[in-house]
Structure formats: structure tokens, C-alpha cells
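Chemist: curious how this folds, go ahead:
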Amino acid sequence: RVGEMRTMWLQNMSVMPPVQFQADLTCRGTGNHCYVMVDDSSWTAGLVDSADVVRILERFDNSSPRDTNHGVWYHNTTVLGRPPDAIDNDSLVYLIYYNVGEFHGYMFDGFWQFFDQYYDTTSMRLFGYHSNEVECVYLDLYPNNPSDDYRIAIAAHEFSHMIHWNYDQAESLWVNEGCSELAMWLFGSPDAISGFNGLPDNDLTKWTGSWADYIKTYLWSLYLYEQYGGRVGTD
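Modeler: Numbering: from 1, shown residues only. Coordinates of the predicted model:
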């Protein structure tokens, strides 16, 4: 419910490997397909406000730069598939906003973690990380505006990783990232086509995490979608 507070596990991404810590988050908005959960300290600091929350909900549920009648949920689920719903039996996705941190100048826009799909005791035993036991994605609040269309496209990107896990947990990383880049294009605010332009011989199937890697997989996935893709069902 709006106003409900939960203590959840977050990750400090300014150190590697990431270190988990607990923080209090409050539900600042509920939509048809998502909750907006904000770290209380970030809310107090003014990194996100009620107007941001309203726009995030609108763009996730109802509209996008590409389509005034459909948001992230529609574009992702009709092209890429349905998210898992076994861990909490709640069809709404948690959008978790906090100051993620940066590592040696590298900014983490957001991420999704597979271990949240396991119960906490199992996750700790197998992977050494605590689980929040909900379908969730983690999104950075600083220094960018969380309700900007590009930032919401990043939520679509991370949501795509969750969907992909539901179908193929052993997918090659370059394929997985390509589909998540496609999710940004489907929403209507994709990554800029740069970096790869000067590296056209960059091997499509070798993933190093460079910007050029993201763009090459984006272009390949978009090509496949434009030639052979389509939507399945509506919601």
C-alpha cells in the first residue's frame, strides 16, 4: 500500500563485489503493474518527489514516447514475454529507487538480480546474497532525474532481464543484453547509436560490457525484430 514501509536489501555498487546492506523504503505509488519503492533517505534528500512517482507510474503502465496508449509493461510483455510470479504471487513489479553508487567513475543506471527469485535462506546458501523475495529491479536516483524517459527506458531494460530469466536462465549474455536494449527501443527512448560505429568488426558474440557491445547487440536484436518479430496477445 502507498505509505507502507519495508526494510529491504540493497547493494552498494561502489565496491566490487557489491556489498549488501539493509535500508528502509516506502511505497510512494502503486500502479496497475508496479510499485514505486523509494529509499527513505533519498526521499528526504529530495532525489525523487511525488511528481516523479506519478510520471514513473504513468510511463510504466499507460504511455510511452513511442505509443501514447501503452507503457513499459505492454511493450515488454507483448514482445519479450511474461515476468516470473512464483516467489511472491503478486503480479506487480517492484521498482526500487535508491542511490546505487558508482565504481571508479562507472555509473550503474540500474540492475536486476536473479537471486531475488529465490527464498532468502536458499539464496544465501547457494549464492551468498540475501533475497528480497519479490520480483524487483533496482534503479539509480543520482545524479539523473528518475522520471526522465531515458531513465524509465532503463527500467524497461532491467525488467527485460527479469522476463528473460523466466524463459531461459542460461541465455548467452550478448543475446540477453540485446533483448534488453530492444526493450528500450520498444519504449521509445533507446541508447544512442555510438561507440560501435568506429568498431564495426567487434565480434557480436563476445561480450565485454563495453558501450560498443551494448550497441552491437541492440542493432542486431532490432534487425531481427523488424524482420521477423511481432507482438503476442495484449494486456
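Chemist: I'd say residue 211 and residue 198 touch.
Modeler: No. Using Cβ atoms under 8 Å as the test, residue 211 is too far from residue 198 to be in contact (11.0 Å). Backbone N, C-alpha and C define where each C-beta goes, glycine included.
Chemist: mind giving me the packing neighbours of the least confident helix or strand in the chain by mean pLDDT?
Modeler: Lowest by mean pLDDT, DSSP states H and E among the helices and strands of the chain is strand 106-107, with a mean of 73. For strand 106-107, there is no helix or strand it packs on, judged by 3 or more Cβ pairs under 8 Å, 6 or more residues apart in numbering; DSSP states H and E.
Chemist: that one pairs with which strands?
Modeler: On the basis of DSSP bridges, the sheet neighbours of strand 106-107 come out as strand 102-103 (antiparallel).
Chemist: hmm, back to that, comparing residue 211 and residue 198, which shows the higher neighbour count?
Modeler: Counting neighbours by other Cβ atoms under 10 Å for residue 211 and for residue 198 shows that residue 211 has the greater number, 13 against 8.
Chemist: residue nearest the centroid of the chain?
Modeler: residue 158 (2.2 Å; Cα atoms, centre = their mean).
Chemist: tell me the secondary structure at the spatially closest residue to that one that is not a sequence neighbour.
Modeler: Among residues not flanking residue 158 along the chain, residue 137 sits closest, at 3.9 Å (Cβ to Cβ, 6 or more residues apart in numbering). For residue 137, the secondary structure call by DSSP: H, G, I helix; E, B strand; the rest coil comes out as strand.
Chemist: please tell me how far the closest residue to residue 5 other than its chain neighbours sits from residue 186.
Modeler: Closest residue in space to residue 5, ignoring its immediate chain neighbours: residue 26 at 4.7 Å, by Cβ to Cβ, 6+ apart. As defined by Cβ to Cβ, to the nearest Å, residue 26 lies at a distance of 30 Å from residue 186.
Chemist: number of residues surrounding residue 204?
Modeler: Counted with other Cβ under 10 Å, residue 204 comes out at 13.
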